[in-house]
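Asks: Please find the sequence and the predicted model below.
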Amino acid sequence: MRSSETLIDRDRQDLASRQALDESRLIRFVAGPDGAVVPDLARKLPGRGLWVAADRASLEAAIKKNMFARAAKAPLKPAADLPDLVENLLVRRCLDQLGLARREGVLISGFEKCAAAIRSGRAAWLIEAADGSADGRGKLLALSRHASPAPEICGAFSADDLSLALGLENAIHAVLLQGGRADRWTLEVQRLAGFRPLCPQSWNRAGPEHGAEDDRGDAPDGEP
């Protein structure tokens, strides 16, 4: 049976565009008892769902045009920082999923282990700390470009974020292996992409064409 948080195949109307979109591309909100607009990222809170496309522009439009109150037919007052709150909640969900993946044994950390997973074709996502070494990152990006299938790339989190989520001292490189956990994480990170870039603009996926066998210029990820 499909979980409501894994493979979504139900359409809901986006308040901002009035278009019917799959739930996986939307954020659910509910009306709070004090007239607040409460994000319900897990889609579990009671009450009528108010759905907005999972991107900052749509949410800001819904707030500006008073669409929550109109849809609920109630005097709802969304907080001015609601888009930032949603982004922070999405970040937390993504990082929590990575922590679960590591405990399940489907997330690999460290340059050499990540390189091996990419070469094997088992990597669903290459996750790089946004503030990690450009040298090590470039080598893994180059390796990813030639992999089949090529993993998706995420650089939306800092080394501190990844280290805390994974329980490591210095998490820089990680690979999320293909499977159900990767599928669930993909849905979460795709929603986050509407609020922050998944990769800094300065990154170049191509990277150097050589040197992926070793990474002496990059500090190794902390491992137990």
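Replies: Arrived safely. Numbering: from 1, shown residues only.
Asks: can you tell me the average pLDDT over stretch 78-86?
Replies: For stretch 78-86, mean pLDDT rounds to 96.
Asks: any idea whether the residue nearest the centre of the chain is helix, strand or coil?
Replies: Central residue of the chain (CA atoms, centre = their mean): residue 189, 2.1 Å from the mean position. Following DSSP: H, G, I helix; E, B strand; the rest coil, the label given to residue 189 is helix.
Asks: Isn't it up against residue 156?
Replies: Yes: counting by CB atoms under 8 Å, residue 189 does reach residue 156; the two are 7.3 Å apart. Every C-beta, even on glycine, is put in place using the N, C-alpha and C of the backbone.
Asks: Pull the contacting residues for the nearest residue to the residue nearest to the centre of the chain once chain neighbours are set aside.
Replies: The shortest distance from residue 189 to any non-neighbouring residue, by CB to CB, 6 or more residues apart in numbering, is to residue 94 (5.4 Å). Residues near residue 94 by CB atoms under 8 Å, 6 or more residues apart in numbering: 156, 157, 185, 188, 189, 192.
Asks: what's around residue 54, how many residues?
Replies: By other CB atoms under 10 Å, the residues close to residue 54 number 25.
Asks: just residue 150 next, same as before
Replies: Residue 150: 15 neighbours (other CB under 10 Å).
Asks: Surely it is in a strand?
Replies: No: under three-state DSSP, residue 150 falls outside any strand and is assigned coil.
Asks: What does the pLDDT read for the residue nearest to it when sequence neighbours are not counted?
Replies: Distances taken as CB to CB, 6+ apart place residue 144 nearest to residue 150, at 5.6 Å, with adjacent residues excluded. pLDDT for residue 144: 94.
Asks: Looking at the contacts of residue 94, which one is closest to residue 100?
Replies: Closest approach between the contacts of residue 94 and residue 100, by CB to CB: residue 185, at 9.0 Å.
Asks: what comes into contact with the helix or strand of the chain with the lowest mean pLDDT?
Replies: Least confident helix or strand of the chain, by mean pLDDT, DSSP states H and E, is strand 11-13 with a mean of 91. Here strand 11-13 makes contact (CB under 8 Å, 6+ apart) with 19, 20, 21, 22, 23, 26, 28, 49, 51.
Asks: and the second one, what is it in contact with?
Replies: To tie it back to what came earlier, the one meant is residue 20. Residue 20 sits next to 11, 12, 13, 14 when contact means CB under 8 Å, 6+ apart.
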